[in-house]
Structure formats: C-alpha cells, structure tokens
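Peer 1: coords below, sequence missing:
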C-alpha cells in the first residue's frame, strides 16, 4: 500500500558480505510475490484465449475497449471514486479538529477516540453494516440503500486510518506547543487549525486521506448490505464473477477492472510518495516525534 | 506601560499544589526573574499570566485590568518558549508577521513593524529562511521578535536559553536584556539557573514548592537571603550546623552571631566561600583546619577546609585569589576566619 518508508533505516547489517546477499534475495522474493499476480492479470486482460500454455494463445485490445466504453462500468468507477473521495474528505474534516482538541484541550476525549478507532477492526464490517442498517431503518428509513448512507458508513469505518496518520503527524510536529504559541500570538482556534495545524501535518493528511480513500474504494461487505441498488466497483466485480460465464470474456474484462482499480490507487500512492519526499509517513498510533520543531 | 499583579493565585494538579496562594507585583518596565528548581511552580505561574493555565483561586491583573477569565489570545502578552516553537511552515519574516496577521493589522503597517523587528533582533539577512535553516540562537531571536511584534504589554519568557549551548546562552541573555530595556517592556523571565537570573533581572523571585520564598534585587538576594531555601539555592554557600549556646551560634575563634529566632538547640549557619579568610597557621585567629583539597577555578582557587566545630567534623569551602592560594599547600594546616557580617543563621 501507500506507505512511504525510509528503506535505509529498516535495513540493518553490513554493506557487504552475506547480509547484502540476503537483502537482495528478500527484496527479489517480495518483488516476485507482489508482481507476478499483477503481471498475470495484465497479460490476461490482453489475452484472446489462454489455455494450456504459459502465455496466452493470442492478444487483443477488445476487452479494454469494451470495458472502457461500458457505461455501467464507467458509472461504477465514478460512484466509487466519488464515494472514496467524500469518505476521505469527511474523515479529514471530522478527525483533524477532534485529534487537535484531544491533544491541546482535553486529553480525556483521547480514550474515547482510541476506542472508537479500534471498533472497525474489532467488529466485522458485516456486523457494523447490519447495525447501521437497523439504526437507519429506525431513524431515517428513506436513506436506506442510498449513496449518502453508504458515505456515512464508509466514513465511520475508514476514520481510524486518518486518525492514526494525523495524530502521528501532530506528535511529530509538536502541535501542542505550536498551538500554545499561536494562541499567545492572538490566533483564534480556527486560525490556528487553518494556518498552523494543517500545514504542519500535511504528510499525515495526505497519507491518512489516501488510506481512507483506498479503504472505501475497495470496501465490499458494507456496500453490499447498505448500498444495495448502487453500483460500486467491488459490487460490480462481484456481480460479474457470479453471473457471467467465461465464454463472454467477462473474466478478461474483470482483469481490466482490476487493473484500473490498481491504477487509481497507484496514481494516488505515487502522488503521496512524491508529496512526502524524504519524510517518513507515520501511520501507527503512538508514533513519536523525532524530527519535530525541537532542535538543539 | 503596564505592570502585572497576581493575588492569591492557587493551582492544584490533582493533590499536588503547584501554586500556593502566590501574590506578587511586577512593576511596569521591570524584568522579574522567577527562579527555582524544577517543579517549584515557576512555569505554572508564568502560564497563569499567559492564560495557558487557569488558576483555581486568585486573580491575575495586567495593567490594572483583571484578565483572570480572559483566554490567552485576548491578553496583551508576548511569549517565548524554551523550544523556540517557531512555525516550521513559515519563514522568519512570516513567523514575526504571524501575530500581526491574526490580529488583522493593516498590511503596510504590519510590514513596517516586521522590518523594524527584524532589525531589532538582527535577522534581516535570515528573513526569508525557514526555521530549519537557522541556528538555535537565531531561532530564539526570531521567537523574541515574534513575541514583541504586536506591541504586547508584558513579555513572558519560559527558560528561553535552556536549549542553547553555553556560549550563545551568555550572549543571547545580554541581548534579551538590552532589547527588553530598549523597548521598555514589563517582562517575566522563568529560569532554574541562578546566575542567569542574577545577570538579567531587576528583581528575582525565588520560588520553592509553589510558594515565593523571597523577592529582591539580585545583589540583595545574594547578600541577604531571608530564607534557608534562598540561601542554599542562590549562589554557592557554606552550610554549617552549629549548636546554640547562650543565644549565640558560632565557630570558636572565627565568628559568633546571635542565634536565629525559633532555633531549638541547633542552627544552620550560611556564608559564602568568598567571605572566608584563610591565614597561615600561627598568624591571626580562626578555626584550625586542614587543606583537604585545592580546586583551581581560574581567577580564584577553592579550598576544601576540614576542621571541627562543636565536636563535629565540618568542611568549609573558601575561595581565595589564585595567586594567594598558591602559597598554601594541600595538607597544610591553616586558620579559617569568617566575617560575621556575612554570616546568616536559620533554625534547623
């Protein structure tokens, strides 16, 4: 995923000798593990038929042109991108002030946020989705199966990614001290968040935003339950797997969809890595400041 | 110009009394140093003036106006922190301009003011650098400029030199003092370093366990500490435990002064190493003592003198001009005399 890491710091052992060989071997193995499925899918998306041989019997662009011109697939991508973007934006808008508040004003809400952030991982999405469906059935039945409810659901399960990334960035930037200083300068809470907090946690915002985007983009169980009637990319893919037969070339088209999904996330990841040039992105809770404002 | 007045300020952290009915007056234009060991409440007191802490009891006034319930941003203060706390996303110039921006100064007026301050803190050449690209001393000067930018009535400095190395520390200390005097601003300066407090302040408030022990000009504090704590905390001092006899305490042949009120059998006598006179054995009066150790300190040499008083072994530290100390050898027996005017005794 889109975790930019300072690889140099991870590697230990000498520059030469067996340590080096082991590292290259591990790197090669990891590369193989990650790339072979992608390459296979890529080849499959261009294949006419792929039967007994290592490589396909022939190549065609038919699946790509058919997929790209399919209105249903286009709209599924549009829906998923809109869904994921809204999820990321809502999460950032909610989490940044909350994380800021928990650090600067009221450390007690920290426990609440920490527990809330663990829930999406402690409970299966299916359970959360059913709970959400029951609840929305009681308070706002007209929203069931609609886009806004799914956005709300995704925002709820994806927010820990934003929270951890943003909170780590805040620790690294020493946001408490910066905030106090800004306050002494006469800045209001809003001015502090806009002028001081946001610019100094940009790495956390970008990586957290991307992670929540990815979580929403690929989410299936919840979309299945509270987003019935909507076409998201995972829902459409599942439908294609279930209802088509291979004769129609549907699996090849599925390969195209998989690659497009990968492309969307890859482009976003590349943006993040570029944005965070030279900096380690902190995603884990409890990330400690080590290159913040304090220099001796 | 406005002063600061704190009346009965009390602050609890759970069961711990960080501030215990602290009352103090800071005169307009004065630099008051809050001096004390870590955990004595000096920073908490400063934060109460800044509004970053809310006192549980008591009032804070700045220029006769009660600001106890006002949030930090509505108080006429400028603040400098130990960690500089420059905004890393802004250049030196933008950092200094920040308070003016958030307080909606007219653009050209703000620019003029920022230029003025860049000159005052000597950062014109670094104006467009980011905090990462300047040295610690420059960073702290930038923080000082930022604190002074909006013409605050009170300047609050929280251990501003602690993060700097010794050489820069001395220079910046004098520079802060010069700027403070030139601007004529009331300032409160928190430090745990007594020499720093002495060097910079008009008056020093010695704090201990959430209370103010003594407030006095540096010279008075140095010469006449009024409490045992300020006596031990300020400057290096001899502390000798002695018996009270006939309402007096003293070292036979060296000094004898009236016992402090409330002393019960014993008292602690304080005197400075520089007030100790050392004579060759046989010459003059004084306690007989052996030179246990000579420590060369440059202009002066410190002698560790072992003797006996009231049946107990004691060690007295005496500072002599180094040229004079050269005449005395380690292991030699000497006579130690102390000027009674510079001895203070407190009940044990």
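Peer 2: Done, it's in. Worth saying up front: this structure is predicted, and the values here are computed from it rather than measured. Numbers count the residues shown, from 1 in each chain, chains lettered A, B, ... in the order given.

Peer 1: helices of the chain, residue ranges please.
Peer 2: Since you didn't name a chain, this refers to chain A. Ranges of helices within chain A are A:7-10, A:18-45, A:62-68, A:71-104, A:109-122, A:125-139, A:147-173, A:175-184, A:189-191, A:198-200, A:202-217, A:221-226, A:233-243, A:250-275, based on DSSP state H.

Peer 1: I was thinking of chain B, sorry if that wasn't clear
Peer 2: Using DSSP H, the helices of chain B run over residues B:42-50, B:92-102, B:107-120, B:136-148, B:166-183, B:194-200, B:218-223, B:228-233, B:322-325.

Peer 1: closest one to chain A among those helices?
Peer 2: The closest of the helices of chain B to chain A is helix B:92-102. By Cβ to the nearest Cβ, the value is 3.7 Å. Where you see a C-beta, it was placed from the backbone N, CA and C, and this is true even at glycine.

Peer 1: circling back to that earlier point, least confident of the helices of chain B, on average?
Peer 2: Of all the helices of chain B, mean pLDDT reaches its minimum on helix B:228-233 (a mean of 85).

Peer 1: once you drop chain neighbours, what's closest to residue 165?
Peer 2: Since no chain was named, I'll use chain A. Nearest residue to residue A:165 in three dimensions, chain neighbours excluded: residue A:208, at 3.2 Å (Cβ to Cβ, 6 or more residues apart in numbering or on different chains).

Peer 1: try chain B instead
Peer 2: With sequence-adjacent residues excluded and distances taken as Cβ to Cβ, 6+ apart, residue B:165 is closest to residue B:136, at 7.6 Å.

Peer 1: that neighbour: neighbour count?
Peer 2: When counting by other Cβ atoms under 10 Å in any protein chain shown, one arrives at 17 neighbours for residue B:136.

Peer 1: quick one: low-confidence ranges for the chain?
Peer 2: Looking at chain A here, since you left the chain open. Judged by pLDDT under 70, chain A has its weakly predicted residues at A:1-17, A:244-248, A:276-296.

Peer 1: not quite, go with chain B.
Peer 2: With pLDDT under 70 as the threshold, chain B has low-confidence stretches at B:283.

Peer 1: tell me which parts of it are close to chain A?
Peer 2: B:50, B:52, B:71-74, B:77-79, B:81, B:83-89, B:98-99, B:101-103, B:131-132, B:136, B:139, B:146-147, B:150, B:156, B:163 (Cβ under 8 Å from any Cβ of the partner chain).

Peer 1: switch to 7 Å and redo it
Peer 2: Residues of chain B lying close to chain A by Cβ under 7 Å from any Cβ of the partner chain are B:50, B:52, B:72-73, B:77-79, B:81, B:83-89, B:98-99, B:102-103, B:136, B:146, B:150, B:163.

Peer 1: Produce a ChimeraX select command limited to the buried residues of these.
Peer 2: Selecting only the buried entries of the residues of chain B next to chain A in ChimeraX, with 16 or more other Cβ atoms under 10 Å in any protein chain shown as the criterion:
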select /B:50,52,72,73,77,78,79,81,83,84,85,86,87,88,89,98,99,102,136,146,150,163
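
Peer 1: how close does the residue nearest the centre of chain B sit to residue B:136?
Peer 2: Closest to where the C-alpha atoms of chain B average out (Cα atoms, centre = their mean) is residue B:197, at 2.9 Å. To residue B:136, residue B:197 is 21 Å away according to Cβ to Cβ, to the nearest Å.

Peer 1: what is the burial count for residue B:66?
Peer 2: Other residues near residue B:66 come to 12 when the count uses other Cβ under 10 Å.

Peer 1: wait, it touches residue B:59, no?
Peer 2: Yes: with contact defined as Cβ atoms under 7 Å, residue B:66 counts as touching residue B:59 (5.7 Å).

Peer 1: rewinding a little: take the helices of chain B and write them to CSV, including distance to residue A:230.
Peer 2: Formatted as CSV, the helices of chain B follow (distance: least, Cβ to Cβ, whole Å):
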stretch, distance to residue A:230
helix B:42-50, 53
helix B:92-102, 44
helix B:107-120, 50
helix B:136-148, 52
helix B:166-183, 63
helix B:194-200, 67
helix B:218-223, 75
helix B:228-233, 72
helix B:322-325, 89
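
Peer 1: up against chain B, what does the stretch 101-250 of chain A have?
Peer 2: Applying Cβ under 7 Å from any Cβ, one finds that the stretch 101-250 of chain A approaches chain B through A:177-178, A:180-181, A:183-188, A:191, A:196, A:199-200.

Peer 1: filter the residues you listed down to the buried ones and hand me the ChimeraX line.
Peer 2: Listed next is the ChimeraX selection for buried residues among those, using 16+ other Cβ under 10 Å:
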select /A:177,178,180,181,183,184,185,186,187,191,196,200
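
Peer 1: grab the nearest non-local neighbour of the residue of the stretch 1-150 of chain A found nearest chain B.
Peer 2: Residue nearest to chain B within the stretch 1-150 of chain A: residue A:104 (10.4 Å; Cβ to the nearest Cβ). In space, and not counting its chain neighbours, residue A:104 is closest to residue A:179: 4.9 Å by Cβ to Cβ, 6+ apart.

Peer 1: distance of the one you found relative to residue B:52?
Peer 2: From residue A:179 over to residue B:52 the distance is 10 Å, taken as Cβ to Cβ.

Peer 1: can you pull the phi/psi pair for the residue nearest to residue B:1 when sequence neighbours are not counted?
Peer 2: With Cβ to Cβ, 6+ apart as the criterion, residue B:1 has its nearest non-adjacent residue at 3.9 Å, and that residue is residue B:28. Phi and psi for residue B:28, reported as degrees, to the nearest 10, are phi -60, psi 130.

Peer 1: residue B:28 - how many residues pack around it?
Peer 2: Quick note: residue B:28 (other Cβ under 10 Å) scores 14 neighbours.

Peer 1: please apply the same query to residue B:284.
Peer 2: Applying other Cβ under 10 Å, we find 12 residues neighbouring residue B:284.

Peer 1: roughly how far does it sit from residue A:135?
Peer 2: As for residue B:284, its distance to residue A:135 is 95 Å (criterion: Cβ to Cβ).

Peer 1: returning to what we had before: so the residue of the stretch 1-150 of chain A closest to chain B makes contact with residue A:181?
Peer 2: No: counting by Cβ under 7 Å, residue A:104 sits too far from residue A:181 to count as a contact (11.6 Å).

Peer 1: for residue A:136, give me its contacts.
Peer 2: A:143, A:144, A:149 (Cβ atoms under 7 Å, 6 or more residues apart in numbering or on different chains).
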